[in-house]
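Enquirer: sequence and predicted model, in that order:
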Amino acid sequence: MKLHHLRLTGIGPFAGTVEIDFAALGASGTFLLEGPTGSGKSTILDAIVYALYGQVAGSATSADRIRSQFAAPTAPSVVDLVFETSSGLHRVRRQPEFQRPKMRGSGTTKEHPKAVLWRIGSPQALPAAIADAAGSGSGSEVIASRLDEVGREVQRAVGLTREQFTQTVLLPQNEFARFLRAGTGERQQVLQRVFGTETYAAVEKQLEGMRQQAKREVDAAQQTLGTALARFTEAAALEDETSTALVEHAAALRLEPLAAAADAQVAAVDDRARSAGAAADVASAAEQAARTAAEAARTARTRLDRRHQLDQLAARLEQEAPQVERARTALTADETARPVVDLLRRRDTASAAASRAIESLAELVTRTRPDHPELVDLPADQLSDAASEATAAAGALTDLVELETALPAREQQLGGRRDALAARQERLDAATAEHEERPAARVALVGDRDRARAAAAGRAEAQLALAAAQDAHRAATAAAAQASAVETARAAAATALRTAQERAAEEASLRSRRFAGIAAELAADLEAETACPVCGSLEHPRPADPSEDAVGPEQVDDAEAARRTAEQAQAASAQALALAERELAALREAAGEHTPETARAAVETRQAAVTAATAAATRAEQLEARLTAFDAETEKTAAARQREALEVEREDAAIREIARALDVDRDRLAVARGDDPSIASRRRAHTARARAATALLEALRSRTSAEEQAAELAVETDRALATSGLVTAEAARAAVLPAADRTARQKQLETRAVDESRLADGLAEDGIAETTSTEESRAQAEAALLAAGEQLTAARAASREAAGEAARLRGIAQRTAEARDALTAASAQVRTVSEDASVVVRVADLATGRSADGERVQLSTYVLMWRLDAVIDAANARLALFSGSELELQRDTGARGAKKTGLDLLVLDRRTDQVRVPETLSGGETFFVSLALALGLADIVTGEAGGVRMETLFIDEGFGSLDPETLETVVREIGRLAEAGRTVGIVSHVGDMKAQIAEQIHVRRGADDRSTVTITA
């Protein structure tokens, strides 16, 4: 966290407005807040804490002192703080509560405290927010405007509670050494508040509840064991004698004998199930044998049918063999002739191409001879040279052709630029005259803006007044409604009280009647030769008789339940009444002297004021924007005018250079043109000669290539005819089949191959080759199949009956096993719950400090001891520097107890190797030991707060108790804090401090007891 700016109005001894720019003061990392005792130095620190948390820095100081006694009765006191955290820039503004004169009549009325929190959008908006003394929220976004919301949002942004803040950022006067000298109990409270160890106290309470819960779980586990045993006896259908023995084992928690007896019953049930299962297995084996015989008969019949189908397929293939052979021969001839026919086509095409190339060359020679007779009879190599020479000559003239073509446009462009230059000079002269008139217009805009700002200055006060009026209106309206709710709650509470009294009387009456008839109730259970539960006698000469109005225990229990329900209802209604009355009182206090009607009128009046001020603020912002735009436009036009003057000068020089270049290019073109009318016509002549030579060369090469290709294909075609055996081209063309015939013959051969494969695969099937299919053999197989089916049906019925009996007995065995598992689980639960309960009791005793073992330290106290050790380690690192390694903090590990232990501090004096209590330290020693401890606590608390970075630190205590050498050491260590990125504010009136710290805040109290502030930065 970093502080940027603080503004106070009517705070403490400061009657007027005080502004402190912490950003400027912290430029060197350290600044001094100095002044005489009682001048108001600590008030500035209180104001910072009040702005953030609505309370002052010292825990023993009331927030009431924040308002100045010198403030005007009707003027609010204001604390306005701009600060920065990792979540951005923020501004908080608070007004403390005060009593002001009533607007009508005599006396005073309370002005409730107010608070507003803004988020500043960017660092660029920071100056506007700081300059906004009226609190209109210029350049900022409102985050919260209710006290509770502002408190939550500030703590979320800062990341620390007030207690943590005053232990890490602001170390207040009179509490600086309090933590060092505190007793165990007080230090325990401080550490609990700072580190938030209430969680561990809650753990202790929870463990105590777990102790009670463990007892209930043991009782529940024993009940579950009884239920599981009843289920087991039912599932196994045990006889009464056996069942009674198991119940006795369970009641006495003899778990091992109980398990052995239950296992014996499970074994007996399993034996019966296994016997029935064996019989079912025999019947199943017989069924399987019958099924195997039926499958064999079915397989024999299937093989006979399969062999009959394959015999028919073989006969058909034999009949179609000649036709298939003819198709295969025709396809073979087609495959041989097709490549030869393709070569014949390519030979004929190449021969025709050679003839066309010869004709094309002759035509080109005829066309070229009139213009270029010297080229038509040249060989190929000379044609290539001639084309290259002509192309090179044309290329050499390309740049000059472009130069010649562009010459008129360049001349025209030069004239245009000269005209444009004259026009620009005229515009430049006009802009200069207009620029000289702008200062007068700006003065008028500034006057309009200042008048609008003056009208908008009261917007923040108007908004705060409107918010207060709205709060009062809501409170007055809610109070009127709440009054009716209170009456309703009061009536409900009275009714509930009467009902509870009636139910208590009914319960008391029933209990009296039950006690009167208890003798008769006991007499009902007396038996001969059985001891009386009251006197122990075996004789019962005069048992009491029940009365007509006897009351049973169920009636008493019902009456007790009704009484408890009524009492709970009465307590709830009383609580509801108290809450309603507190709510009504709070609403009436918030409404103050307002009724709903007067509050509504006040809202309307303040809304009108806010609207007017807002309109003025909007007008001021618009005028400010216009002024900013006007200044920007002035600056823009001045820069543009300067740029234009420079461009005019540059353009004039450029025009002169262009004219010189044109003269040079005209001379160059005249030399290159020679006798031709233009450079372009001279270049066209060279280009035409190059094209003619190139065309003749390409035609000559095309004729030669076509003749060579035709000769090669003729030789290749003759060779293919000779090797194919077709003798002539006509024979080859005749052997090629039409596409449809070729496809039909290919399909015929594919079908033949599939059928042959089917025949081979069928004969290869198991048992097919050895089978001979006749009508007689198929009839015999059908009869054998019917007989095997009848035998299988009979065996299946017998197997089902045996399996049903086995399943029934297995079901009994399974249910018995499941019940046995449940019984085992219940027994294990009883054992586990008992063991776990002992563990819970042990842990609860340890956490609450009641264990007979160990040091009897509560868990919450142990955590604080661990935190304190970390604080001591961090403090000793700085204390070694402050004291020259002569002093070292230690935690006292002596006296122990269940409630408070091990939180006392000792100081080891290495000069004498003696351990000292803090009360024996001198003033200077107390100061720097306390400072080291406070800084160590700040480091640890900052880390515990999630690594919150605190860039501003105030130290308000006892530098006057230090000798010059120690003071220099302490100031040097504080300087190291500044070097690490913190801005450190030192509150002191020690004269030596003024010479060591350049940036200073001077606080002085005048003769009228009012204080003033001056700043040296």
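Expert: That came through, no problem.
Enquirer: neighbours around Ala692, how many?
Expert: Counted by other CB atoms under 10 Å, the residues lying close to Ala692 total 21. Placement of C-beta: from N, CA and C, glycine included.
Enquirer: what's the helix or strand hosting it packed up against?
Expert: Using DSSP states H and E, Ala692 falls within helix 679-724. Contact analysis of helix 679-724 by 3 or more CB pairs under 8 Å, 6 or more residues apart in numbering; DSSP states H and E lists helix 255-368, helix 380-396, helix 398-435, helix 596-673, helix 729-735 as its packing neighbours.
Enquirer: for Thr848, find the nearest of these.
Expert: Set against Thr848 and scored by CB to CB, the helices and strands packed on helix 679-724 come closest in helix 255-368, at 32.0 Å.
Enquirer: any idea of the mean pLDDT in that closest one?
Expert: The pLDDT scores in helix 255-368 average 82.
Enquirer: try stretch 20-33
Expert: Here stretch 20-33 scores 82 as its mean pLDDT.
Enquirer: can you name the next helix or strand after the helix or strand of the chain with the lowest mean pLDDT?
Expert: Ranking every helix and strand in the chain by mean pLDDT, DSSP states H and E puts helix 518-523 at the bottom, with a mean of 59. Heading C-terminal from helix 518-523, the first helix or strand you meet, by DSSP H and E, is helix 553-591.
Enquirer: chain center to that next one, what's the gap?
Expert: 44 Å (CA atoms, centre = their mean, to the nearest Å).
Enquirer: name the helices or strands packed onto that helix?
Expert: helix 459-516.
Enquirer: picking up where we left off before, now the helices and strands packed on helix 679-724 in a markdown table, with distance to Val116 and mean neighbour count?
Expert: As requested, these are arranged in a markdown table below (distance: least, CB to CB, whole Å; neighbours: other CB atoms under 10 Å):
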| stretch | distance to Val116 | mean neighbour count |
| --- | --- | --- |
| helix 255-368 | 72 | 15 |
| helix 380-396 | 83 | 15 |
| helix 398-435 | 45 | 13 |
| helix 596-673 | 14 | 14 |
| helix 729-735 | 106 | 16 |
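Enquirer: out of these, flag the one nearest Ala934.
Expert: Closest among the helices and strands packed on helix 679-724, using CB to CB: helix 596-673, at 45.0 Å.
Enquirer: packing partners of the closest one?
Expert: helix 398-435, helix 438-456, helix 459-516, helix 679-724.
Enquirer: now the angle from the third one to helix 438-456?
Expert: Orientation check (axes from the mean of the first three to the mean of the last three CA atoms, to 10 degrees): helix 459-516 against helix 438-456 gives 30 degrees.
Enquirer: quick one: list the elements packing against helix 459-516.
Expert: Partner elements for helix 459-516 (3+ CB pairs under 8 Å, 6+ apart): strand 114-120, helix 553-591, helix 596-673.
Enquirer: closest one to Glu97 among the helices and strands packed on helix 679-724?
Expert: Comparing the helices and strands packed on helix 679-724 by CB to CB, helix 596-673 comes nearest, at 18.5 Å.
Enquirer: could I get the average pLDDT for that closest one?
Expert: 84.
Enquirer: and that helix, how far out from the chain middle?
Expert: Mean C-alpha position of helix 596-673 versus that of the full chain (CA atoms, centre = their mean) differs by 45 Å.
Enquirer: where does the stretch 51-200 of the chain have low pLDDT?
Expert: 57-64, 167-168, 170-178, 186, 189-190, 193-194, 196 (pLDDT under 70).
Enquirer: try 50 this time
Expert: 60, 173 (pLDDT under 50).
Enquirer: with the stretch 451-600 of the chain instead?
Expert: Checking the stretch 451-600 of the chain against pLDDT under 50 turns up nothing.
Enquirer: mind listing what's buried in the lengthiest strand in the chain?
Expert: Taking DSSP state E as the criterion, the chain has its longest strand at strand 2-11. Residues of strand 2-11 classed as buried by neighbour count (16 or more other CB atoms under 10 Å): 2-11.
Enquirer: of those, which is the nearest to Ala722?
Expert: Checking the buried residues of strand 2-11 against Ala722 with CB to CB, the nearest one is Lys2 at 104.1 Å.
Enquirer: sorry, back to before: reformat the helices and strands packed on helix 679-724 into CSV and put distance to Ala806 next to each item.
Expert: Below are the helices and strands packed on helix 679-724 laid out as CSV (distance: least, CB to CB, whole Å):
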stretch, distance to Ala806
helix 255-368, 4
helix 380-396, 107
helix 398-435, 109
helix 596-673, 88
helix 729-735, 80
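Enquirer: out of these, nearest to Lys747?
Expert: Among the helices and strands packed on helix 679-724, helix 255-368 comes nearest to Lys747, with 9.5 Å by CB to CB.
Enquirer: now find how far off-centre the closest one is within its chain.
Expert: 58 Å.
Enquirer: what angle do that helix and helix 679-724 make?
Expert: Helix 255-368 runs at 110 degrees relative to helix 679-724, counting by the same axes, to 10 degrees.
Enquirer: follow-up on the earlier one: distance to Ala250 added to the helices and strands packed on helix 596-673, as CSV?
Expert: What follows is the helices and strands packed on helix 596-673, written out as CSV (distance: least, CB to CB, whole Å):
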stretch, distance to Ala250
helix 398-435, 110
helix 438-456, 89
helix 459-516, 34
helix 679-724, 105
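Enquirer: nearest to Asp1009, of those helices?
Expert: Smallest distance to Asp1009 across these (CB to CB): 27.4 Å, for helix 459-516.
Enquirer: Asp311 contacts Ser773, doesn't it?
Expert: Yes - the pair Asp311 and Ser773 passes the contact test of CB atoms under 8 Å, sitting 6.8 Å apart.
Enquirer: shared neighbours of these two, anything?
Expert: Counting by CB atoms under 8 Å, 6 or more residues apart in numbering, Asp311 and Ser773 have no shared contacts at all.
Enquirer: and the longest strand of the chain, what does it pack against?
Expert: strand 14-21, helix 22-25, helix 41-53, strand 78-85, helix 126-131.
Enquirer: at 10 Å instead, please
Expert: Judged by 3 or more CB pairs under 10 Å, 6 or more residues apart in numbering; DSSP states H and E, the packing partners of strand 2-11 are strand 14-21, helix 22-25, helix 41-53, strand 78-85, strand 88-95, helix 126-131, strand 952-956, strand 983-987.
Enquirer: can you redo those as a markdown table with distance to Glu782 and mean neighbour count?
Expert: Putting the helices and strands packed on strand 2-11 into a markdown table (distance: least, CB to CB, whole Å; neighbours: other CB under 10 Å) gives the following:
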| stretch | distance to Glu782 | mean neighbour count |
| --- | --- | --- |
| strand 14-21 | 117 | 19 |
| helix 22-25 | 112 | 18 |
| helix 41-53 | 105 | 25 |
| strand 78-85 | 99 | 23 |
| strand 88-95 | 97 | 22 |
| helix 126-131 | 108 | 16 |
| strand 952-956 | 109 | 22 |
| strand 983-987 | 111 | 24 |
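Enquirer: would you list these in a markdown table and tack on distance to Ala496?
Expert: As requested, these are exported to a markdown table (distance: least, CB to CB, whole Å):
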| stretch | distance to Ala496 |
| --- | --- |
| strand 14-21 | 56 |
| helix 22-25 | 59 |
| helix 41-53 | 42 |
| strand 78-85 | 48 |
| strand 88-95 | 44 |
| helix 126-131 | 56 |
| strand 952-956 | 56 |
| strand 983-987 | 59 |
